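S.K.: Any chance you could fold what I've pasted below:
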Amino acid sequence: MIRTAVVALLLTSCAHPLPPMPTAAAPPPVADATLVWVGRGDAYRWRAGTWQRDAGYDYEFSVVQRRYRDHWESIKSLHRRHPDYDGRGGPRDQSMFFRMDLAPEGAGVALAIASNLGRGQGHTDREFRDTELELAASQRGRFVPFDRFHLVQHYRYEQGTLDETVTLSDGAAPFMKNEEHAALFAAETFAAPPTTFQP
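M.R.: Now for the predicted structure:
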């Protein structure tokens with residue numbers, strides 16, 4: 001019984017629910033560009049000095065990214081469907097909000113990030129192809145072995161893809177990383193219903 005209680009405490013301490021996303025009574029203003037990314041994240045855990053696959057933490061995701069002249073807003077939906085997922089990373093289904101404010105910085109762009117994961121900063125080039133971000137976790141617990149997120153993104157617009165590595169660490173030792181690969185979707189019209197149904 002004591003062992004069960006300790007395990008339950010550990011799981012509860014690690015699986016904080018995300019803070020709520022900001023609310024709004026009106027729809028967002030029309031963006032200069034709206035992009036949708038759909039992809040998959042492959043999870044790795046740092047063990048014995050090397051990255052080892054942890055498929056139970058894999059996930060599918062989609063991102064709706066609204067780009068404005070001086071900032072971006074993104075809503076990410078994440079779904080862990082693997083039967084071996086143990087719940088220590090939070091609910092199987094999660095939503096995340098990111099706002100990035102943009103400011104000129106030399107030949108590039110400085111980024112200030114506010115999200116329900118945490119706050120941070122980063123930088124990118126003027127074409128927004130290669131981006132690096134670091135966030136301090138908004139929620140920390142005694143049994144959570146990381147306090148920051150490090151993101152490296154490579155937007156390949158011409159190929160319609162996004163590759164991203166998200167590393168969780170305590171600033172010294174890595175804990176986990178997710179290798180994300182996504183396809184880009186943008187607004188389009190159809191001359192006919194896009195169906196492949198063959199009766």
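S.K.: downstream neighbour of the helix or strand of the chain with the lowest mean pLDDT in the secondary structure list?
M.R.: Of all the helices and strands that make up the chain, helix 2-14 has the lowest average by mean pLDDT, DSSP states H and E, namely a mean of 37. Where DSSP states H and E defines the elements, the next helix or strand beyond helix 2-14 is strand 33-47.
S.K.: Quick check: neighbours of the helix or strand that that following strand is followed by in the sheet, parallel or antiparallel?
M.R.: Tracing the chain past strand 33-47, the next element assigned as helix or strand by DSSP H and E is strand 50-53. Within its sheet, and counting by DSSP bridges, strand 50-53 is paired with strand 33-47 (antiparallel).
S.K.: What average pLDDT does the strand it pairs with get?
M.R.: Averaged over strand 33-47, pLDDT sits at 97.
S.K.: Distance from it to the middle of the chain?
M.R.: Here strand 33-47 is found 7 Å from its chain centre; the criterion is CA atoms, centre = their mean, to the nearest Å.
S.K.: Could you measure from the residue most central in space within the chain over to Ser115?
M.R.: Within the chain, the residue whose C-alpha comes closest to the C-alpha centroid is Lys76; the distance, by CA atoms, centre = their mean, is 6.4 Å. When distance is defined by CB to CB, to the nearest Å, Lys76 is 9 Å away from Ser115. C-betas here are computed from N, CA, C, even on glycine.
S.K.: what residues are shared contacts of the two?
M.R.: Counting by CB atoms under 8 Å, 6 or more residues apart in numbering, the shared contacts of Lys76 and Ser115 are 96-98.
S.K.: Kindly write the PyMOL command that selects the buried subset of the residues you listed.
M.R.: Buried residues within these, by 16 or more other CB atoms under 10 Å, are selected in PyMOL with:
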select buried, resi 96+97+98
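S.K.: For stretch 51-70, what does the pLDDT average out to?
M.R.: Here the mean pLDDT over stretch 51-70 is 97, rounded to a whole number.
S.K.: can you check stretch 169-187 too?
M.R.: For stretch 169-187, the per-residue pLDDT averages 93.
S.K.: Can you list the buried residues in it?
M.R.: Going by neighbour count (16+ other CB under 10 Å), the buried part of stretch 169-187 is 169, 174, 176-180, 182, 184.
S.K.: Please name the strands paired to the helix or strand Val109 falls within in the sheet, noting orientation.
M.R.: Taking DSSP H and E as the criterion, Val109 maps to strand 108-115. Take DSSP bridges as the rule and strand 108-115 pairs in its sheet with strand 93-105 (antiparallel), strand 118-125 (antiparallel).
S.K.: can I assume Arg126 is in contact with Gly106?
M.R.: No: between Arg126 and Gly106 no contact is recorded; they are 10.0 Å apart, counting by CB atoms under 8 Å.
S.K.: Please identify which of the two sits among more neighbours.
M.R.: Arg126 (11 against 8; other CB atoms under 10 Å).
S.K.: Find me the pLDDT at the more buried one, would you?
M.R.: Looking at Arg126, its pLDDT stands at 96.
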